[in-house]
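S.K.: Provide a 3D model corresponding to the input given below.
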Amino acid sequence: MSAKKIVISVLAVPAVLLGGFLLVAAMQPEDFVVTRSATMAAPPARVFPEVNSFHAWEAWSPWAKLDPNAKAIFEGPESGEGAKFTWSGNDKVGEGTQTIVLSKPDERIQIRLDFKRPMEATNDTEFLFKPDGEKTLVTWNMSGKKNFVSKAFCLFFNMDKMVGADFEKGLASLKAIVEKPAIEKPLASEATVGDTAAIGEDRKATEK
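M.R.: Alright, predicted model coming up:
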């Protein structure tokens, strides 16, 4: 249910009930925090770059596949502080901008999240990377303040459950990516004596 539909529903109820609803909504907590964590079998140095560049988000973001036709604009540096991502799509993804405001290699990333649709809001997002032996504990937080419309919305929907579910999907996708074994070819300068000999034999065979 969109914010517009909630307002229409509220206006349709009797004045007494409306007054009670407005009072209850106004008394809701102003601050909110949504937090989810996941342990990944990869060092922080492997996980950090996947979050530090918005270009990499398409592979693991829980919202990337919700609207294949969404418009995306990348501004600023490729990664790190100042990197900016603006999107505009359907009702499932809305419209807004993300900007990396703090990037501490392999430790912490802070992002300012400015929503335009479905409702205007500015929230703070944070990723923490804590080494755990050869693994990394990744924590994804989002915090902010609720205006009256947001408070009313939360009377009908559990924000922690809704946003938290998306965070869980995103972390699971990120985990799958960073835990995938890297397949690398040795550089020519790193070829062993046996490899060099084999290459020579192959060239001779080709010349024949």
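
S.K.: What count of nearby residues applies to the closest residue to residue 118 other than its chain neighbours?
M.R.: Excluding the flanking residues, the one nearest residue 118 by CB to CB, 6 or more residues apart in numbering is residue 94, at 5.2 Å. No exception for glycine: its C-beta is placed from N, CA and C like everyone else's. Using other CB atoms under 10 Å, residue 94 has 18 other residues around it.

S.K.: So residue 94 sits against residue 120, correct?
M.R.: No - with contacts defined as CB atoms under 8 Å, residue 94 does not count as touching residue 120, sitting 10.3 Å away.

S.K.: name the helices or strands packed onto the longest helix anywhere in the chain?
M.R.: Assignment by DSSP state H gives helix 159-178 as the longest helix of the chain. In terms of contacts (3 or more CB pairs under 8 Å, 6 or more residues apart in numbering; DSSP states H and E), helix 159-178 is packed against strand 31-40, helix 44-52, strand 135-145.

S.K.: Of these, which is nearest residue 181?
M.R.: helix 44-52 (11.3 Å; CB to CB).

S.K.: For the closest one, list the C-alpha coordinates in CSV.
M.R.: Taking Å, rounded to 0.1, in the frame of the first residue of the first chain, the C-alpha atoms of helix 44-52 are listed here in CSV:
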residue,chain,number,x,y,z
PRO,A,44,37.6,-7.8,4.4
ALA,A,45,39.9,-6.9,1.5
ARG,A,46,37.8,-9.2,-0.8
VAL,A,47,34.4,-8.0,0.4
PHE,A,48,35.0,-4.2,0.8
PRO,A,49,35.4,-3.4,-3.0
GLU,A,50,32.1,-5.0,-3.8
VAL,A,51,30.4,-2.4,-1.6
ASN,A,52,32.7,0.5,-2.1
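
S.K.: And the contacts of that helix?
M.R.: The contact list for helix 44-52, computed with CB atoms under 8 Å, 6 or more residues apart in numbering, reads 40, 56-57, 59-60, 79-80, 83, 100, 103, 105-107, 109, 127, 129-131, 136, 138, 174, 177-178.

S.K.: helix or strand right after that helix?
M.R.: Proceeding N to C from helix 44-52, the next assigned helix or strand is helix 54-57, under DSSP states H and E.

S.K.: which residues are in contact with that following helix?
M.R.: So helix 54-57 is contacted by 49-51, 64, 74, 78-79, 83-85, 98, 100 (CB under 8 Å, 6+ apart).

S.K.: mind listing what's buried in that helix?
M.R.: Neighbour-count burial for helix 54-57, counted by 16 or more other CB atoms under 10 Å, picks out 54, 56-57.

S.K.: Which one of these is nearest to residue 114?
M.R.: residue 54 (13.9 Å).

S.K.: What separation is there between the closest one and residue 39?
M.R.: Per CB to CB, to the nearest Å, residue 54 is found 24 Å from residue 39.

S.K.: Cool, thanks, signing off.
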